[in-house]
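1. what follows is a predicted protein model with its sequence.
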Amino acid sequence: MLPKSMIILNFAINKALRTFLWLFIFYFYTSNLIFMLKFFKIVAILEGVSYLVLFSNMLIVKPTNLVLYKTLLFPIGMAHGVLFITYIILAVLLKFKENWDFKKFGIIGLASIIPLGTFYMEKKYLKNV
């Protein structure tokens, strides 16, 4: 069980991140396409890296040092969750802005839940950005 101060801090961070995310989405959707694609590429790479760090924490650190695993799980999980949600929202915005077909959008969306999928997607679909 988390201490009360940690729960309040978690709530405050989530509220601030959600507010920032909605403000950024508004700015992002009204900006030019090149900026959108470059930012999506950066978020895709960061999301892939955070996914690998989360897996390595689970597969390598957990069996060897349970206390370190529990300490690292919250910040790594929070970062990965924010990047995952940002990735999906940006993919939906770009689908409508670039008129992607359903197959391309499905592959890009599926890449976010497959390990190393975002790196493949970045090389295949965003190589000319």
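-> Here it is on my side, so go on.
2. for the longest helix along the chain, the averaged confidence score.
-> Longest among the helix segments of the chain by residue count, using DSSP state H, is helix 66-98. The pLDDT scores in helix 66-98 average 87.
3. buried sites along that helix?
-> Buried residues in helix 66-98, counted by 16 or more other Cβ atoms under 10 Å: 69, 72, 76, 79-80, 82-84, 86-91, 94-95. Every residue, glycine included, has its C-beta placed from N, CA and C.
4. just checking, what packs against that helix?
-> Under the contact definition 3 or more Cβ pairs under 8 Å, 6 or more residues apart in numbering; DSSP states H and E, helix 66-98 sits against helix 4-29, helix 33-56, helix 102-111.
5. what's the angle between it and helix 102-111?
-> Helix 66-98 and helix 102-111 are oriented at 170 degrees to each other (axes from the mean of the first three to the mean of the last three Cα atoms, to 10 degrees).
6. pick out the residue nearest the middle of the chain.
-> Leu83 (2.0 Å; Cα atoms, centre = their mean).
7. what about this structure, any weak spots by pLDDT?
-> Residues of the chain that meet the criterion pLDDT under 70 lie in 1-16, 21-30, 129.
8. Ile60: which of the buried residues of helix 66-98 is nearest?
-> Using Cβ to Cβ, Tyr69 is the member of the buried residues of helix 66-98 that sits closest to Ile60, with 9.2 Å.
9. how about that closest one, what does it touch?
-> For Tyr69, the contact set (Cβ atoms under 8 Å, 6 or more residues apart in numbering) comprises Asn57, Met58, Val61, Lys62.
10. now with 6 Å?
-> By Cβ atoms under 6 Å, 6 or more residues apart in numbering, the contact set of Tyr69 is Val61, Lys62.
11. again with Ile88
-> Not one residue lies near Ile88 by Cβ under 6 Å, 6+ apart.
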